[in-house]
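Q: structure, please.
(one chain, ligands or ions: 1)
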Amino acid sequence: MRETMSIDICEITPAHIRAIFPYAPGKPISELERELGIQNIVKLASNENPLGPSPKALKAAQDALIDIARYPDGNGFELKAALSDRYGVSMDSIVLGNGSNDLLEIAARAFLEPGLSAVFSQHAFAVYSLAVQAAGAKGIEAPAKNWGHDLEGMFSMLEDETRMVFIANPNNPTGTFIGKEALHAFLNSLPSSILVVLDEAYNEYLPSGYDMGSIAWLSEFPNLIITRTFSKAYGLAGLRTGFAVAHPAVADMMNRVRQPFNVNSIAQSAAIAALSDIAFLERSHELNLSGMEQIVEGLEGLDLEYIPSYGNFLSFHVGPAQGIYQKLLRLGVIVRPIAGYAMPEHLRVSIGLESENEKFLKALERAIGETA
Ligand SMILES: *Cc1c(COP(=O)(O)O)cnc(C)c1O
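A: Numbering: from 1, shown residues only. I've put the predicted structure just below:
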């Protein structure tokens, strides 16, 4: 019999890969069902659209199934044409991604390498640090201010080797928002040799008047990369589609490191249909506003502090967050612990349907009561 082979994984793995601490996703409903043998679970853990996808997008996805023996259009012509139309940008300034997560990684792979660094904020979306590490570059974390980005602080931490800055607006998991003037001034202050990845995953949830029209800034700032997603307000998280808009020369470099077929054909078709369903987007926006009010009221009723949020989620302070999280699971409610974001006393809840929010608030009240 052949001897069992062993492997010295440290020996064969680069140090910057070994240092990566993997992303911790929200617990899937099916996993909790398996673990506890319970049904009717409410998942408010991944900022998904509680309305599901637009019916038009669903129909387009179903219609696209017939062609799955074919490779998708690797250039995503039709989706890019629809995006170009919608946002008034040229098709060569668009990069499609397998979720916007993919685009964050593509940006890091295209422009970073060992010896270079990227700056992001404390409590900012975890993927920035992961993407930077995977590219072998150095991540520089700037302390947050009131849970949000401290742009001056971030500026002061730039080094000669810094080639990229990540900004989430609104940020996840804190829900904080940077206003138009401050962000524009920050972009103005940077040399064009530093790329700014502006992650606007929650753009469609902004209250009216808050959208800063960042895409129009691309003519002013050739170093700006804006990422958007179909995962949140558009309700297509499972299909994995996002897009970046940037100067054509920047987009060109990103397209060089992109996998040739990174966005599948079903996702491309569904995204085109989703883009056109403005009424669905408006419904989603309204539901989020009323759900946010409902949850804020509920948390205030429980005397819990929360961080005011501009997204479709809210982070609140509970003290023993891990214990409360576990109790909520047993009550059939999945929220998101954010200890990995250096927020060990907070939990993040996504805004759901009215009935889901209610179930969450009831369960939270009970969990806190049992803990006290
Ligand atoms: C959810 C999220 C994303 C990415 O989601 P995708 O599904 O990969 O598009 C990106 N940035 C932030 C801040 C997010 O919260």
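Q: isn't residue 217 right up against residue 187?
A: Yes - look at residue 217 against residue 187 with C-beta atoms under 8 Å: they come within range, at 6.7 Å. Quick note: C-beta positions are derived from backbone N, CA and C, even for glycine.
Q: overlap in contacts of those two?
A: Residues touching both residue 217 and residue 187 (C-beta atoms under 8 Å, 6 or more residues apart in numbering): residue 224.
Q: which of those two has more neighbours?
A: residue 187 (21 against 18; other C-beta atoms under 10 Å).
Q: show the contacting residues for the more buried one.
A: Taking C-beta under 8 Å, 6+ apart as the criterion, residue 187 is in contact with 196, 217, 220-221, 224.
Q: list, one by one, the residues from the stretch 51-200 of the chain near the ligand.
A: 99-101, 125, 168, 172, 199 (C-beta under 6 Å from any ligand atom).
Q: farthest-apart pair in those, please.
A: 99 and 168 (14.6 Å; C-beta to C-beta).
Q: and the two? Which one has more around it.
A: residue 168 (29 against 24).
Q: quick one, phi/psi of that one?
A: phi -100, psi 120 (degrees, to the nearest 10).
Q: dump the contacts of residue 187 to a markdown table, plus distance to residue 346, pLDDT and secondary structure.
A: Output for these, formatted as a markdown table (distance: C-beta to C-beta, whole Å; pLDDT from 0 to 100; DSSP: H, G, I helix; E, B strand; the rest coil):
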| residue | distance to residue 346 | pLDDT | secondary structure |
| --- | --- | --- | --- |
| 196 | 27 | 98 | strand |
| 217 | 32 | 97 | helix |
| 220 | 36 | 97 | coil |
| 221 | 33 | 98 | coil |
| 224 | 31 | 98 | strand |
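Q: one step back: wait, which of the residues of the stretch 51-200 of the chain next to the ligand is closest to residue 361?
A: residue 172 (21.4 Å).
Q: just the buried residues out of the residues of the stretch 51-200 of the chain next to the ligand, in ChimeraX syntax.
A: A single ChimeraX command selects the buried members of those (16 or more other C-beta atoms under 10 Å):
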select :99,100,101,125,168,172,199
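Q: now intersect the residues of the stretch 51-200 of the chain next to the ligand with the helices, please.
A: The members of these that map onto helices under DSSP state H are 100-101.
Q: as TSV, the residues of the stretch 51-200 of the chain next to the ligand with distance to residue 274 would be great.
A: Formatted as TSV, these follow (distance: C-beta to C-beta, whole Å):
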residue	distance to residue 274
99	14
100	14
101	18
125	22
168	22
172	20
199	19
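Q: ok, of the residues of the stretch 51-200 of the chain next to the ligand, which one's closest to residue 355?
A: residue 172 (24.2 Å).
Q: which residue is the nearest non-sequential neighbour of that closest one?
A: Leaving aside its chain neighbours, residue 172 sits nearest to residue 125 (5.1 Å; criterion: C-beta to C-beta, 6 or more residues apart in numbering).
Q: now do the contacts for the one you found.
A: Counting by C-beta under 8 Å, 6+ apart, residue 125 touches 166, 168, 171-173, 199, 201.
Q: one more: residue 249?
A: residue 222.
Q: same deal with residue 23?
A: Here residue 23 is in contact with 126-127, 130 (C-beta under 8 Å, 6+ apart).
Q: nearest residue to the residue in the chain that the ligand sits nearest to other than its sequence neighbours?
A: Distances between the chain and the ligand by C-beta to the nearest ligand atom are smallest at residue 99, namely 2.7 Å. Spatial nearest neighbour of residue 99, excluding adjacent residues (C-beta to C-beta, 6+ apart): residue 240 at 4.2 Å.
Q: just the strands in the stretch 51-200 of the chain please.
A: Applying DSSP state E, counting those that start in this stretch to the stretch 51-200 of the chain gives strands spanning 94-97, 117-121, 138-142, 162-168, 195-199.
Q: ok, stretch 274-291 near the ligand or not?
A: No - between stretch 274-291 and the ligand, judged by C-beta under 6 Å from any ligand atom, nothing touches; the nearest distance is 12.9 Å.
Q: buried residues in that stretch, which are they?
A: 274-277, 280-281, 284-285, 287-288, 291.
Q: ok, stretch 163-173 next?
A: Per 16+ other C-beta under 10 Å, stretch 163-173 contains these buried residues: 163-173.
Q: okay, now that stretch: how far is its last residue from its first?
A: Terminal residues of stretch 163-173 lie 25 Å apart, using C-alpha to C-alpha, to the nearest Å.
Q: so for that stretch, what's the average pLDDT?
A: For stretch 163-173, mean pLDDT is 98.
Q: what about it, distance to the chain center?
A: Centre-to-centre, stretch 163-173 and its host chain are 10 Å apart (C-alpha atoms, centre = their mean, to the nearest Å).
Q: cool, and stretch 263-277?
A: From the chain centre to the centre of stretch 263-277 is a distance of 18 Å (C-alpha atoms, centre = their mean).
Q: using CSV, write out the CA atom coordinates for it.
A: C-alpha atoms of stretch 263-277 as CSV (Å, rounded to 0.1, in the frame of the first residue of the first chain):
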residue,chain,number,x,y,z
VAL,A,263,-20.5,36.8,-16.0
ASN,A,264,-22.7,33.9,-17.0
SER,A,265,-25.3,34.1,-19.6
ILE,A,266,-28.3,33.9,-17.3
ALA,A,267,-26.9,36.7,-15.2
GLN,A,268,-26.4,38.9,-18.2
SER,A,269,-29.9,38.4,-19.4
ALA,A,270,-31.5,38.9,-16.0
ALA,A,271,-29.4,42.0,-15.3
ILE,A,272,-30.6,43.7,-18.6
ALA,A,273,-34.2,43.0,-17.6
ALA,A,274,-33.6,44.2,-14.1
LEU,A,275,-32.1,47.5,-15.3
SER,A,276,-35.3,48.3,-17.2
ASP,A,277,-37.6,47.5,-14.3
